[in-house]
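Novice: Mind folding the following:
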Amino acid sequence: MQTYTKMRSRKFPDVIMKVIPGHFVTPNSHINYYIDMTTMRTRQSEAKAAARAMASTYAATTIVDTIVCMDGMEVIGAYLADELTQAGVMSMNAHKTIYVYSPEFDNRGQMIFRENSEMMIKGKHVLLLLASATTGQTILRAGESIDYYGGTVVGITAIFAVPQKIFGQQIHSLYKIADLPDYRSYPASECKLCKNHVPIDAICNSFGYSKLH
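Specialist: Coordinates of the predicted model:
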């Protein structure tokens with residue numbers, strides 16, 4: 001597996017993403033690049049820079065009560081809540097503040113909100129925050145769950161996204177497919193890398209990757 005390459009956001013040059021070429025297996029697809037967002041999600045300066053960039057899309061235009069963090073995005077989510085609050089984003093919450101929550105998932109990958117956390121979703125304007133959106137399946141499942149628990153998705157934001165829209169919602173991302181034009185995502189049964197006998201480099205998910213050789 002090759003070393004990573006750093007990519008700076010065209011619009012926000014202080015936001016840096018690392019990409020590693022190869023053959024990777026995710027829960028939803030096979031991909032030819034692993035996008036490593038570990039430091040962006042966990043290092044204070046990088047997380048704050050990413051949150052500031054994301055906040056510019058919603059500042060003073062969208063009511064946000066709750067930020068639901070996927071893919072280990074809690075640190076960026078907390079900074080995003082702070083940036084939106086400082087920018088004057090409205091909240092319908094009684095305490096006039098924004099909830100930042102990381103949901104639980106069952107063994108089918110369905111998002112669950114327990115009784116003690118349902119109040120963060122029911123009747124709330126929810127901003128869905130992800131590290132990446134490639135096939136859109138995670139967003140679809142999340143949107144269905146939020147709707148089931150009585151929430152309304154008012155925005156979808158990610159660091160990297162392939163689809164531009166899903167269930168009628170625009171996906172706002174710091175990096176788009178145009179920034180990595182040779183990025184490919186395949187269903188497992190149709191993976192061209194597998195058909196060309198390219199060895200799998202690693203199994204990956206929202207926590208990271210594990211090498212196979």
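Novice: Relative to Gly136, how far out is Thr152?
Specialist: 19 Å (CB to CB, to the nearest Å). Glycine gets a C-beta too; all of them are placed from N, C-alpha and C.
Novice: So which of the two has more stuff around it?
Specialist: Gly136 (18 against 14; other CB atoms under 10 Å).
Novice: residues contacting that one?
Specialist: Gly136 sits next to 162-163, 166 when contact means CB atoms under 8 Å, 6 or more residues apart in numbering.
Novice: nearest spatial neighbour of Phe105, skipping sequence neighbours?
Specialist: Nearest residue to Phe105 in three dimensions, chain neighbours excluded: Met111, at 5.9 Å (CB to CB, 6 or more residues apart in numbering).
Novice: how about the helices of the chain, start to end?
Specialist: 38-42, 44-58, 74-86, 137-148, 192-195 (DSSP state H).
Novice: Mean confidence (pLDDT) on the fourth one, please.
Specialist: The average of the pLDDT scores along helix 137-148 is 89.
Novice: Please apply the same query to the shortest one.
Specialist: Across helix 192-195, pLDDT averages out at 96.
Novice: So which elements touch it?
Specialist: Helices and strands touching helix 192-195, by 3 or more CB pairs under 8 Å, 6 or more residues apart in numbering; DSSP states H and E, are strand 30-36.
Novice: residue closest to the middle of the protein?
Specialist: By CA atoms, centre = their mean, the chain has its centre lying nearest to Leu130, at 1.3 Å.
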